[in-house]
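1. need a 3D model of the following:
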Amino acid sequence: MLQSLGLGPDVEAVYRGMLADASGGVAELCARLGLTEAQVRHGLDRLVDLDLLRPSRDSPDALRAVSPELGLELLLRRQEQELTRQQEELERSKAAAARVVSEFADLRPNTEVDGAERLVGTDAIQSRLEELAHGLTRECSAILPGGSLSEASLEASRPLDRRALARGIEMRSVYQDSARNDPTTLAYARWLTEEGGQVRTSPLLPPRLLIFDRRVAVVPIDPANSRLGALCTSAPGIVASLLTLFEQTWVSAVPLGADRPRPTDSIPSAGELELLRLLASGMTDEAAGKRLGVSLRTVRRQMSALMERLHATSRFEAGLKAAQQGWL
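-> As a prediction, the model looks like this:
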């Protein structure tokens, strides 16, 4: 009955026994309570520590039990003091934690300006993405250009994606068409769809983009050099514009499981059309390959095949014939 006040069953039994009759010794308490000598002596020591047993004035070598009214008040007061001490310790711990967080924020190179947080280094970006993924409540939208993605990057994303999907978060990802030719990236995209995510592909994509719950967006500082870091912004106007960009990209993309139209002499593939447009705009083979997420050799192979289909002897002639056929 008194366990909530810090008295175990044996200690409570000894206290009750002393209240009933404090004249006997340890042996008599053992007999009356059915406890061992060790249990009784432990109970007596514990009661003395709690100030529930005090030296008897009649018999200096004996102990007397403090009345329940006073004894229980002492126990309650002791508990209140302990709770107060714990509360004070908790407040000190909170203050210490706040100081550490503040000091860390001052030391790290990542700064926040006008609602945009500058994230420098892979660890800083990964930590921020983990925080955002943990706080997801509705949806996550992603544009992932570049064709093949590194195995390390995909494995770092897997636990975050798995937890989000298990919580019922809607996940939409757009990969570049060339990702279909990379076994590792394609396997991950298929795993994502099997877990409940939605994946589409497109021949040409805008720079990398992640949007969390339509309120926070993460983009590279420089799309041409991912090592410079990323920007994390919650500015409503910027996020709304980036969300519109994602939706336009999503609508024009093809679901991963859908069959892509096979190119014919009269109808080129979407990737071939984009290649023709990029090269017609004056872009080099290497630059076009980066935009499409394919190698320089693939660009030249595709362009050679297009010239053959168009019966062109030069790229200039291929451009003219593509325009004449309404491809451009």
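2. how about stretch 23-37 as PDB, C-alpha atoms only?
-> Output in PDB follows, covering the C-alpha atoms of stretch 23-37 (Å, rounded to 0.1, in the frame of the first residue of the first chain):
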ATOM      1  CA  SER A  23       8.400  -3.800  22.700                       C
ATOM      2  CA  GLY A  24       9.800  -7.000  21.100                       C
ATOM      3  CA  GLY A  25      13.100  -7.600  19.500                       C
ATOM      4  CA  VAL A  26      14.200  -8.800  16.100                       C
ATOM      5  CA  ALA A  27      13.400 -12.400  16.800                       C
ATOM      6  CA  GLU A  28       9.900 -11.600  17.900                       C
ATOM      7  CA  LEU A  29       9.300  -9.500  14.800                       C
ATOM      8  CA  CYS A  30      10.500 -12.300  12.600                       C
ATOM      9  CA  ALA A  31       8.000 -14.700  14.300                       C
ATOM     10  CA  ARG A  32       5.100 -12.300  14.100                       C
ATOM     11  CA  LEU A  33       5.700 -11.200  10.500                       C
ATOM     12  CA  GLY A  34       7.000 -14.400   9.000                       C
ATOM     13  CA  LEU A  35      10.100 -12.700   7.700                       C
ATOM     14  CA  THR A  36      13.700 -13.700   7.900                       C
ATOM     15  CA  GLU A  37      16.100 -11.900  10.200                       C
END
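3. number of residues surrounding the closest residue in space to Pro68 that isn't next to it in sequence?
-> With sequence-adjacent residues excluded and distances taken as CB to CB, 6 or more residues apart in numbering, Pro68 is closest to Leu19, at 7.1 Å. Placement of C-beta: from N, CA and C, glycine included. Leu19 is flanked by 15 other residues according to other CB atoms under 10 Å.
4. cool, Ala142 as well?
-> Neighbours of Ala142 (other CB under 10 Å): 20.
5. what of Ala133?
-> Applying other CB under 10 Å, I find that Ala133 has 19 neighbouring residues.
6. in this protein, which residue is most central in space?
-> With distances taken as CA atoms, centre = their mean, the chain has Glu130 as the residue nearest its mean C-alpha position (3.0 Å).
7. mind telling me what element the residue nearest to Pro68 is part of?
-> Following DSSP states H and E, one finds Leu19 within helix 9-20.
8. off-centre distance for that helix?
-> Offset of helix 9-20 from its chain centre (CA atoms, centre = their mean, to the nearest Å): 54 Å.
9. contact partners of the following helix or strand past it?
-> Toward the C-terminus, helix 9-20 is succeeded by helix 26-33 as the next helix or strand (DSSP H and E). Applying CB atoms under 8 Å, 6 or more residues apart in numbering, the set of residues contacting helix 26-33 from outside is Ala13, Val14, Gly17, Met18, Asp21, Gly24, Leu35, Thr36, Glu37, Val40, Arg41, Leu44.
10. what's the farthest-apart pair in the residues you listed?
-> Within the contacts of helix 26-33, two members stand farthest from each other by CB to CB: Asp21 and Thr36, at 19.2 Å.
11. ok so, going back, a markdown table for the contacts of helix 26-33, including distance to Leu273 and neighbour count?
-> Formatted as a markdown table, those follow (distance: CB to CB, whole Å; neighbours: other CB atoms under 10 Å):
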| residue | distance to Leu273 | neighbour count |
| --- | --- | --- |
| Ala13 | 89 | 19 |
| Val14 | 91 | 29 |
| Gly17 | 95 | 21 |
| Met18 | 96 | 21 |
| Asp21 | 102 | 11 |
| Gly24 | 103 | 15 |
| Leu35 | 91 | 20 |
| Thr36 | 91 | 11 |
| Glu37 | 95 | 11 |
| Val40 | 93 | 24 |
| Arg41 | 92 | 15 |
| Leu44 | 93 | 19 |
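12. for those residues, give me CSV that also has pLDDT.
-> Converted to CSV, those look like this (pLDDT from 0 to 100):
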residue, pLDDT
Ala13, 85
Val14, 82
Gly17, 83
Met18, 81
Asp21, 77
Gly24, 73
Leu35, 87
Thr36, 90
Glu37, 88
Val40, 86
Arg41, 88
Leu44, 84
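13. now those in a markdown table, with distance to Leu53?
-> Below are those laid out as a markdown table (distance: CB to CB, whole Å):
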| residue | distance to Leu53 |
| --- | --- |
| Ala13 | 14 |
| Val14 | 9 |
| Gly17 | 11 |
| Met18 | 7 |
| Asp21 | 14 |
| Gly24 | 14 |
| Leu35 | 16 |
| Thr36 | 19 |
| Glu37 | 17 |
| Val40 | 12 |
| Arg41 | 12 |
| Leu44 | 7 |
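14. tell me the one of the residues you listed nearest Leu278?
-> The nearest one, if we look at the contacts of helix 26-33 relative to Leu278 and count by CB to CB, is Ala13, at 88.4 Å.
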